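1. Sharing a sequence plus its predicted fold:
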Amino acid sequence: MSLALSTQLICFLLLSGALLLGALGVVLLPNVVYSAFLLGGVLLSMAGLYLLLNASFVAAAQVLVYVGAVNVLILFAIMLVNKRQPLRPMRVLLLRRLLSVGVCLGLLALLVQVALTTPWALPGPPSIGEAAIIRIGEHFFTDYLLPFEVASVLLLMAMIGAIVLARRDVLARDVVTGAPADQALLERQRSPLLPSQDASSPSAPSP
Amino acid sequence: MMPITDIPLQAYLVVAAILFCIGVWGLINSRNAVRVLMSIELMLNAVNLNMMAFSSYLDGDQVRGQVFAVFIITVAAAEAAVGLAILLSLYRNRDTVDMEQFNLLRW
């Protein structure tokens, strides 16, 4: 992208600020619905950063797949399992949080140290800019053809797996007698594997 | 030689590192299972940002990083679909989304 350098710098600062603040909001906000919408904002700013890096195709794929599909899927999951229950208090929760903050800060220090001290082979070959999409297509159909085809198999397996995992056991016809199955099965209340931890609230039948 | 005011490669790497660490913290500390999945998405996006930065700065003519980023996006979509299906099935069986109560295999 041929923007002025100061414009690029301002865009980079704005986008990374939105990215990091949004990510903190995703992790820290108590309401998970706000987290899901902030995740959409994070993914959109990530697409903006891709545009700054001369990658318009991947930016479009990011918006389509992440914002359009994954984020909507997460919102549907929140809608399906939205149970407002008070979480049971835990004794060592604060200690655990502080310990994990320490671990994450250590990891961050390590990563930043590596990023800053490694002698990168800069400047690399000049960027091909908008011709990148042509090059991506060449890669997909020549040297990355096998991963490209395997990815389609992976998506098919994920689709079948998700359907099998998430469906309810509904049979149109009884397996043994061949008679039409009792449709009350659709509304049958599932017995949980273990007794529910909060016995105070009666478990509603799943929608 | 790059001009002084250009965005250095290290800026992208540092942003990706911070994002990855936020994702790790959320993964460890979230008690809502949906938020755990969101943290995983954050980590995958941080890795993608690294890929794109390297592809643009170090591999400008063969944009292999972008190809890998597309593959990562594909795998992340599959992961989200299967993960949410598992979560739904878990919610039906245990009637909760609290990660601390998913302890069937704990000692």
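-> That came in fine, so what should we check first?
2. pLDDT weak spots in chain A?
-> Confidence mapping of chain A against pLDDT under 70 gives the ranges A:1-3, A:169-176, A:180-207.
3. Kindly recompute the last result at 90.
-> A:1-8, A:30-31, A:53-55, A:77-97, A:119-133, A:164-207 (pLDDT under 90).
4. just the helices in it please.
-> Applying DSSP state H to chain A gives helices spanning A:5-28, A:32-52, A:56-61, A:71-80, A:93-117, A:132-141, A:145-166.
5. Just put those helices in CSV and tack on distance to B:Arg106 and mean neighbour count.
-> All C-beta spots, glycine's among them, are computed from the backbone N, C-alpha and C. As requested, the helices of chain A are exported to CSV (distance: least, C-beta to C-beta, whole Å; neighbours: other C-beta atoms under 10 Å in any protein chain shown):
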stretch, distance to B:Arg106, mean neighbour count
helix A:5-28, 24, 17
helix A:32-52, 24, 21
helix A:56-61, 39, 20
helix A:71-80, 24, 18
helix A:93-117, 16, 13
helix A:132-141, 44, 16
helix A:145-166, 22, 14
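6. Now those in TSV, please, with extra columns for distance to B:Gly26.
-> Converted to TSV, these look like this (distance: least, C-beta to C-beta, whole Å):
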stretch	distance to B:Gly26
helix A:5-28	4
helix A:32-52	9
helix A:56-61	24
helix A:71-80	14
helix A:93-117	10
helix A:132-141	31
helix A:145-166	23
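7. Among those helices, which comes closest to B:Asp59?
-> Relative to B:Asp59, the nearest member of the helices of chain A by C-beta to C-beta is helix A:132-141, separated by 10.4 Å.
8. which ones are touching the residue of chain A most remote from its centre?
-> Largest separation from the mean C-alpha position in chain A: A:Thr177, at 44.5 Å (C-alpha atoms, centre = their mean). The contact partners of A:Thr177, by C-beta atoms under 8 Å, 6 or more residues apart in numbering or on different chains, come to none.
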